[in-house]
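Chemist: Can you look at this prediction? I've put the sequence above it.
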Amino acid sequence: MNRLINKQSNALSAEITDKDVFNARRAFIKSTAMLSAGLLLPSLGQAQTELNDKLVITAREHVTNYTNYYEFSTNKQDATKLAKPLKTKPWRVEISGEIDKPGFYHLDDLLKANTIEERIYRFRCVEAWSMVVPWLGFPLAQMLARFQPNSRAKFVEFTTLYDPEVMVGQHSSILNWPYVEGLRMDEAMHPLTILATGMYGEDLPNQNGAPLRLIVPWKYGFKSIKAIVKIHFRETMPDTAWHKSAPREYGFYANVNPEVSHPRWSQSRERVLGSSIFTPKRATELFNGYGQQVASLYTGMDLTQSI
Ligand code: MTE
C-alpha cells in the first residue's frame, strides 16, 4: 500500500525541544512539496511554513485521553475506553450524489490511491481548548477529484457510522444521529482540508475518529467528523447534526472567530490542552491562524453573521 508513515516521538509537552519544532517544520515542508507536485492544487506557501514554525506539538497522551465523541459519551475522558470495541477493519465508505459512479468502496482501496503524509495543524474545539496535532492523512481534494463531481455538486456531506449496539451514546437523544457534517465544495477542495487516518506516526485511535476522519483546521472542531461511512455530493447545503440539535448555537460555517461569542461563552481565548492551570490562556486567532490561506473563501460574507 502506498503509505508513507513518518514515525514521530511522543514527547511530553514539557519536553518539547527545538528539535521537535524543527521536525514539525521539516515534515510540513515535505508534505507541502508533495502536494504541489501532485495534483494541480494551490500551494500552501510561505505563510503556512511560518505558522508551522510557531506550533508546539501537544503531547499525545492529552490528545488521546480528552476527546469529544458523543456516539460514546459526553464525558471527554470516557471515549478512550468506550470506543475500544468499535471494529474499524474492514471499513466501507459510500460515495454518492452528484457524481457519475456512486458506490461503496473499501477504505483500503480508497487509501491505496493516496499518499499518506504528516500534516501538523492547530485544532480548536468550540468549548475553548486547542491542541497541535501531527495528523497523518491526505488532502480531501485529491480523493474528491477522482470521483469527478458534476456542476450541481455545491456541497459535500459526511456521515458517521450509526451502530447503537457499539456506539452506546447513540441511545441518547443528545444529538441527532447519525452525526452529519458538511462543507461547501471550495472548502472541501482547499489544500488545508484533509482526511486523516492517523496521528503521531500511528493509525488513529478509535476515540479520535478511526479509521477515517475529517480535519478542517480553520473551523471549530465539531466540523471534523469522525468514523466517516458516507461522502455525499449535493446541490443544497446539508443540515448538520449540531445545527439540528442547537440551531442558535452552531452554524454551518463554524469558522474560528474570536469576535463572535458562542451564545453561552466567549470564544476569544483558548486553553492549550495539557498546559497547567497557571499558564495564561492563548488569544484565539481568526480562522485559527490560517487566515492568509482561507480568508478569500469568504470574501463578501459577513463573518459575524455567517456562523
Ligand atoms: N465526530 C463524531 N462522529 N462525533 C462527535 O461527537 N465531536 C466533534 C468532532 N467530531 C464528534 C465528531 C467535536 S465537538 C470535536 S471538538 C472534535 O471531534 C474533537 O476531536 P478529538 O476528540 O479528536 O480531539
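Modeler: Great, that's in hand. Numbers count the residues shown, from 1 in each chain.
Chemist: Tell me which other helices or strands the helix or strand hosting Ala141 touches.
Modeler: Using DSSP states H and E, Ala141 maps to helix 140-146. Judged by 3 or more CB pairs under 8 Å, 6 or more residues apart in numbering; DSSP states H and E, the packing partners of helix 140-146 are helix 185-188, strand 194-199. C-beta: built from backbone N, CA, C; applies to glycine.
Chemist: May I see the buried residues of the shortest one?
Modeler: So that's helix 185-188. By neighbour count on 16 or more other CB atoms under 10 Å, the buried set for helix 185-188 is 185, 187-188.
Chemist: With distance to the ligand added, can I get these in JSON lines?
Modeler: Written out in JSON lines, the entries for these read as follows (distance: CB to the nearest ligand atom, whole Å):
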{"residue": "Met185", "distance to the ligand": "21"}
{"residue": "Glu187", "distance to the ligand": "16"}
{"residue": "Ala188", "distance to the ligand": "16"}
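Chemist: residue contacts, the closest residue to the ligand within the chain?
Modeler: Here the chain gets closest to the ligand at one residue, Gly221, 2.7 Å apart by CB to the nearest ligand atom. Under the criterion of CB atoms under 8 Å, 6 or more residues apart in numbering, the contact list for Gly221 reads 68, 123-126.
Chemist: How about the residues of the stretch 1-150 of the chain by the ligand?
Modeler: Where proximity means CB under 6 Å from any ligand atom, the interface of the stretch 1-150 of the chain facing the ligand comprises 67-71, 125.
Chemist: if you set the cut-off to 5 Å instead, what comes out?
Modeler: Remark: the part of the stretch 1-150 of the chain in contact with the ligand comprises 67-70, 125, using CB under 5 Å from any ligand atom.
Chemist: before we move on, the earlier item: Ala59: which of the contacts of Gly221 is nearest?
Modeler: Ranking the contacts of Gly221 by separation from Ala59, with CB to CB as the measure, puts Phe123 on top at 14.0 Å.
Chemist: Please save the CA atoms from stretch 80-87 in PDB.
Modeler: Only the C-alpha atoms of stretch 80-87 are listed here, as PDB (Å, rounded to 0.1, in the frame of the first residue of the first chain):
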ATOM      1  CA  THR A  80     -10.900   6.300  25.200                       C
ATOM      2  CA  LYS A  81     -12.300   3.200  26.800                       C
ATOM      3  CA  LEU A  82     -15.800   3.000  25.400                       C
ATOM      4  CA  ALA A  83     -14.700   3.300  21.800                       C
ATOM      5  CA  LYS A  84     -12.300   0.300  22.000                       C
ATOM      6  CA  PRO A  85     -14.900  -2.300  20.800                       C
ATOM      7  CA  LEU A  86     -15.500  -0.400  17.600                       C
ATOM      8  CA  LYS A  87     -14.300  -2.600  14.700                       C
END
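Chemist: start at 309 instead
Modeler: In the new numbering, first residue 309, that becomes stretch 388-395.
Chemist: what pLDDT, on average, does that stretch get?
Modeler: Looking at stretch 388-395 alone, the average pLDDT works out to 98.
Chemist: Now do that stretch: everything it contacts.
Modeler: Contacts of stretch 388-395 with the rest of the structure, by CB under 8 Å, 6+ apart, involve 372-373, 375, 377, 380-381, 469, 474-477, 513-515, 518, 535.
Chemist: Repeat the analysis, applying 10 Å as the threshold.
Modeler: Identification of contacts with stretch 388-395 by CB atoms under 10 Å, 6 or more residues apart in numbering yields 372-375, 377, 379-381, 383, 387, 469, 471, 473-477, 513-519, 534-535.
Chemist: still on that earlier bit, what packs against the helix or strand following the helix holding Ala449?
Modeler: Once helix 448-454 ends, the next helix or strand along the chain (criterion: DSSP H and E) is strand 463-468. Using 3 or more CB pairs under 10 Å, 6 or more residues apart in numbering; DSSP states H and E as the contact criterion, the secondary-structure elements in contact with strand 463-468 are strand 400-405, helix 448-454, strand 488-492, helix 493-496, strand 521-523, strand 536-542.
Chemist: Can strand 463-468 be said to contact the ligand?
Modeler: Yes. Using CB under 5 Å from any ligand atom, strand 463-468 reaches the ligand at Thr468.
Chemist: now that strand, how far from the chain's geometric center?
Modeler: Relative to the centre of its chain, strand 463-468 is centred 13 Å away, using CA atoms, centre = their mean, to the nearest Å.
Chemist: Just grab the bridge partners of the spatially most central residue of the chain for me.
Modeler: The centre of the chain sits closest to Ile523, judged by CA atoms, centre = their mean, with a distance of 1.6 Å. With beta bridges defined as DSSP bridges, Ile523 has these partners: Ile502.
Chemist: I appreciate the help and will end here.
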